[in-house]
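Peer 1: The following comprises the amino acid sequence and a computationally predicted model.
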Amino acid sequence: MTLILDILSTAAILFIVSAGLLAIFGVLKIINFAHGAWLTIGAYCAVVVAGLGINPWCALPLAFVVGAALGGLTEHFIVRPLYRRPLDAILATWGLGIVIGQLITLWFGRDVQFTPALLAGAVTAFDVTYSLYRLFAIVAALILGLGFAFLLDGTRLGLSARAVIMNETLARALGIDTEKVRLATFMSGTGLAALAGVLLAPLTSVDPNMGVAWLTGAFMLVMVAGSSFGALAAACLVFGAAQVLISIYFSPVVGGMAVAVLCAVTLRIRPKGFARA
Amino acid sequence: MKHRIIALALASTAFATVAYAEDPIKIGVPVGLSGANSVVAPSVVQAAELAVEEINANGGVLGRQLQLEIADDASGAAGAQKAFDALVFQKEVNVVISMETSAARNAGLPIISKGDVPYIYTSFYEGKSCNTNLFVNAWVPEQQVPPVVDNFVNKQGAKKFFLIGSDYSFGRGMLTFAKDYITKTGAEVVGEDYLPMDGSDWTAIISKVKSSGADAIITSTAGGAPNVTLTKQLRSAGINVPYGNLAVDEGTAKSMGAEAKDIFLSASYVTGIDSAENKSFLTAMEEKFGKDMRTPNDLSVPQYEAIYLYKAAVEKAGSTDTAGVVEALPSVSFKGPRGEISMSKQHHAPLTMYLGQVKDDGSVAVVDSFKDVDPGDQCPNL
C-alpha cells in the first residue's frame, strides 16, 4: 500500500511541476528553461507570506499572480521579439533563469529558508501511516489535470490554443489572435510553475537554486509527452513508478537517474513518445 | 657620481630591509563562498576576521600584522584547485587555514605539497587524510559517532539502526565507521542508503525505513539543504524514532524550529558551552558583527582557534618558515571556546565532545559531555 501511495504521489508531484512547462511547449513550441527559476519564485512567495504572518494557503494565489505577471513581462520583452528564432528564445530563457536565481540570492541571501507545512503530520488508514501532505499532492495533481482538460476542451481560449498547437500559421489565417494566445499561455504556464513551487516548498528546502534540479526531469517528461496533458499524466505515472521502484529495489542513486534515462530510451524507440498519433 | 650611486644603493637596501620587516603574514582562506558550503562560509570568515583583529590589536605575530586572503573554492574540487593556486602561488600566503568540503581539501593537498605551506584544516571530516603539512583541529568519526551510538544503545534501548547519507566521501566515510561501531556494540544495522548530494526526494528511503522495523536512525548528509529535506520528509511521514544527525549544525537546527525537535547531534562546539573563554568569544563576536553575526558553530570556531594555534607555532619556531612551523604545530596549544586544543596526536586533536538534543524552540540542550576524546590512529606514519 505504501508503495502504491509512493508511486502515485511521486507521479503527482512530477505532473504538478511539469504541467506549466508543457503548456508553454505545446503552444509556443519553445522550452522555457527558466522554469526552475519560476519554481523558486513560487517557493519564495511562500517564504514571504510566512514572513508576513499571513495564512500560508494565501501563497498559492499570490504565487500564481506573481508568476503570471513576470511571465507576461518575459513573453513581451524576451520571447516575442525572438518569435522567428526559437533556438535563441530558448537560450534567452536559460539566461533569464540564471539572472532570476542571482536576483533571488541578492535579495534573500543564499541561506536555506523555511516555510511552515501547509498540512502537517501523517494520517493512518488501511493499516498504513502516510504523509498527509503527499496525499494532498495527489489530489492537487488531479485537480490540476482536470482543470487543464476543462480549459482546453471547454473554453474559447482552450479552443484557440488547440488550433495554435495544431498549426499556428493556419490558425492565424483563420483570424485567431495567435499573439494573444501565446501571451495567455505563457502567463498560465509560468503562473503554474510558481504555484508548483509553493506546493514543493514543504517537501524540500527553499534556496535560490532549488528549481534547477527539477528542470531536467520536467524537460525530459515534456519531451516525451509532446503536447497532450493526458500523455504527460501517463508519462509521469510510468516514470514516477520506475523511479520509486528502482530506488527501493536497487539504489536511490540509480533511481534518481531513472526518469532521464527512461525518457531518452523511450524517445529512441518511439519518437512520438506518449503522444497519440 | 660614484658616491651618489653607492648612497642610492645603500638607501634602497635600507628601504628593502625596512619593507621586509613590515610585511604582513598572509593567511590564505579558501572557503565555499558559493556552492554547498555557502550557507556556512560567512560564519567561518567572521571567525577568522575576529581572530586576526584580536591578534593584530595585541601586536601581531613576531611584530608582524596578520592579513587574511580569502578565496572562493566553490565548495568543490575544481574551484579548490583555482583557489589554492591563486593563494599559494600568486598571493604567496604563509599558511592556509580553512574549512572546506573533503572534495576541495583533497584537490588542494597536492598544491600545498608543491608550494610547501602549512595547512590547518578546520572542518570535521571522515578522517585518515595525511600529509606532512596538513594539521586538523576538528573532529573525526572516532570522536563524534560513539557518543550518539552509545546513548541510543544504552539509554534509548535501540537495537536496529538505519543509516542514511549523501553519496560522497564524508557521507559514506561517517556511516562506514558508524556501521562498524554499531555492530561492535551488539546492535544491528538493518539498512544503509545514500542519495546523490543534490538529491531531495527521500521517499523511497523513508519507505524502506518504515518496512525495516528500525528503532533508531543515524544520518550523515551534506550540510544545508539535504538535512532540511530529509528531516521534513521524515517528520511528515510520521517517523519519530530516535534520530541522530551527524552533520547538522546548531544554526540549521535553530531555523528548522519545531521540525528539528528531538534530533540528537554530537559536536565539539555548542554555543551553550559554559566557560569563560566561550563567553568572551561570543561577546567579542556580537560586538564586532552586531546583527550581522552568524551563529558560531562547530565549523567556524575551529577556524578561530586555528589562527591562534598558528600564531603560537610561529612564535615557538621564531619564523614563518614552513619547516619550523610544521615542527612546532604538534606541540603548541591554545585555550579557546572549545577548551584547551592541541593537534598533538598524529596531526589531529583530542577534543571534548558534547551530545546535544534539539528542543522545541530549536535551541540545543547539552545532554552529556565527554572530555578529551581520542581521535584514534589517523596518520600512524606521520
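Peer 2: Nice, I can see it. Numbers count the residues shown, from 1 in each chain, chains lettered A, B, ... in the order given.
Peer 1: and chain B, which residues reach chain A?
Peer 2: Contact residues (CB under 8 Å from any CB of the partner chain) of chain B with chain A: B:34, B:38-39, B:167, B:193-196, B:198-205, B:207-208, B:210-211, B:224-226, B:228-229, B:232-233, B:236-238, B:252, B:255-257. (Glycine included, C-beta is placed from N, CA and C.)
Peer 1: Okay, and which of these map to strands?
Peer 2: Secondary structure from DSSP state E places B:193-195 of these in strands.
Peer 1: Need the per-residue pLDDT for residue 188.
Peer 2: By default, I'm working from chain A. Looking at A:Ser188, its pLDDT stands at 91.
Peer 1: The chain in question should be chain B.
Peer 2: pLDDT at B:Glu188 comes out at 93.
Peer 1: Skip the chain neighbours and tell me the closest residue to it.
Peer 2: Among residues not flanking B:Glu188 along the chain, B:Lys160 sits closest, at 5.2 Å (CB to CB, 6 or more residues apart in numbering or on different chains).
Peer 1: What number of residues are in the vicinity of that neighbour?
Peer 2: For B:Lys160, the neighbour count with other CB atoms under 10 Å in any protein chain shown is 16.
Peer 1: That one contacts B:Ser211, correct?
Peer 2: No: B:Lys160 is not in contact with B:Ser211 according to CB atoms under 8 Å; the separation is 12.0 Å.
Peer 1: Just want to check the distance between B:Arg294 and B:Val29.
Peer 2: Distance, B:Arg294 to B:Val29, by CB to CB, to the nearest Å: 15 Å.
Peer 1: Neighbour count for the two, which is higher?
Peer 2: B:Val29 (28 against 19).
Peer 1: Which residue, other than its chain neighbours, is closest to B:Ile263?
Peer 2: Distance criterion CB to CB, 6+ apart; nearest residue to B:Ile263, sequence neighbours excluded, is B:Val358 at 4.7 Å.
Peer 1: so what's A:Leu14 up against?
Peer 2: By CB atoms under 8 Å, 6 or more residues apart in numbering or on different chains, the contact set of A:Leu14 is A:217-218, A:221, A:236, A:239-240, A:259.
Peer 1: buried sites along the host helix or strand of it?
Peer 2: Assigned by DSSP states H and E, A:Leu14 belongs to helix A:2-28. Buried residues in helix A:2-28, defined by neighbour count with 16 or more other CB atoms under 10 Å in any protein chain shown: A:2, A:5-28.
Peer 1: following that helix, which helix or strand comes up?
Peer 2: Next in sequence after helix A:2-28, counting helices and strands by DSSP H and E, comes helix A:35-52.
Peer 1: Which parts of the stretch 151-277 of chain A are helices?
Peer 2: Here the stretch 151-277 of chain A has its helices, by DSSP state H, counting those that start in this stretch, at A:156-166, A:168-173, A:178-200, A:210-225, A:229-249, A:252-269.
Peer 1: For the residue nearest to B:Glu188, give me the pLDDT.
Peer 2: 94.
Peer 1: Please apply the same query to A:Val49.
Peer 2: A:Val49 carries a pLDDT value of 90.
Peer 1: Count the residues that sit near the closest residue to it other than its chain neighbours.
Peer 2: With CB to CB, 6+ apart as the criterion, A:Val49 has its nearest non-adjacent residue at 4.2 Å, and that residue is A:Ala59. For A:Ala59, the neighbour count with other CB under 10 Å is 28.
Peer 1: Check what pLDDT A:Ala59 gets.
Peer 2: Per-residue confidence at A:Ala59 stands at 88 (pLDDT).
Peer 1: where's it, which helix or strand?
Peer 2: helix A:59-74.
Peer 1: Pull up the pairing partners for the lowest-mean-pLDDT helix or strand in chain A, direction included.
Peer 2: Taking mean pLDDT, DSSP states H and E as the measure, the helix or strand of chain A with the lowest value is strand A:122-125, at a mean of 78. Counting by DSSP bridges, the strands paired with strand A:122-125 are strand A:128-131 (antiparallel).
Peer 1: And for the partner strand, what's in contact with it?
Peer 2: Strand A:128-131 has contacts (CB under 8 Å, 6+ apart) with A:1-2, A:5, A:9, A:121-124, B:210, B:233, B:236-238.
Peer 1: Filter those residues down to the buried ones.
Peer 2: A:2, A:5, A:9, A:122, B:210, B:233, B:236-238.
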